[in-house]
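Enquirer: Predicted model follows, preceded by the sequence.
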Amino acid sequence: MAARPNVKPLDVEATFTEEGLDARALITRTDKKGIITFASKAYRDMTKYSKEELIGKPHSIVRHPTMPEAAFKEMWDTILRGEHWEGMVKNLRKDGKYYWVIVQIDPINEEGEITYDKPEEIAGFVAVRREPSREEVAYADNLYKKMRKAELLAKSNLKDWEKEVLKSL
């Protein structure tokens, strides 16, 4: 279930180019529950959160409220099996702007080494992001809006913030 966003979303996109960032440097590590244990400087620069604001927080701190819950369920199901996951994600920055990434997530063991198909050895995850093309963004934005709208319409008791999200879709 999606949590209420930490900040009020603005309908303003931030791009890697505008931020002067190399998408390959947007790296995070989490523990097995998705709590951030490392965030690269480029990741912090893009999200506008400080190291202190990110470390020890759930990765969902940057979840945009228009992202479909189903996308994250599929992601978690995959990585907890010890498999590689790649997908498009719309994230929410501390300043309310959003940004798109294609993220690749791999399971890691206690030594920080990538480990596949060994769920019993998973200690956490490493995520590396790249900037998507405008075509990829357009496709994902259209698909995710439809998915999120369907999810919200299927709920019987929407919270006030969810009603606002639904209006925006």
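Expert: Sure thing, it's come through.

Enquirer: Show me the shaky parts of the protein.
Expert: Low-confidence segments of the chain (pLDDT under 70): 1-5, 22-24.

Enquirer: what about 80?
Expert: 1-6, 17, 19-24 (pLDDT under 80).

Enquirer: for the lengthiest helix in it, the distance to its chain's centre please.
Expert: Scanning the chain for the helix with the most residues, using DSSP state H, yields helix 134-154. Distance of helix 134-154 from the chain centroid (C-alpha atoms, centre = their mean, to the nearest Å) equals 15 Å.

Enquirer: residue boundaries of the strands in this protein?
Expert: With strands called from DSSP state E, the chain shows them at 27-31, 36-39, 85-92, 98-108, 124-130.

Enquirer: any chance of these in JSON lines, with mean neighbour count and distance to P65 too?
Expert: Heads up, the C-betas are built off the backbone N, CA and C, glycines and all. Converted to JSON lines, these look like this (neighbours: other C-beta atoms under 10 Å; distance: least, C-beta to C-beta, whole Å):
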{"stretch": "strand 27-31", "mean neighbour count": "19", "distance to P65": "20"}
{"stretch": "strand 36-39", "mean neighbour count": "20", "distance to P65": "19"}
{"stretch": "strand 85-92", "mean neighbour count": "20", "distance to P65": "7"}
{"stretch": "strand 98-108", "mean neighbour count": "21", "distance to P65": "10"}
{"stretch": "strand 124-130", "mean neighbour count": "20", "distance to P65": "20"}
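
Enquirer: What residues of the longest helix of the chain count as buried?
Expert: V137, A140, Y144, M147, R148, K149, E151, L152 (16 or more other C-beta atoms under 10 Å).

Enquirer: Figure out which of the strands of the chain is closest to V12.
Expert: Shortest distance between V12 and the strands of the chain, using C-beta to C-beta, is found for strand 98-108: 7.4 Å.
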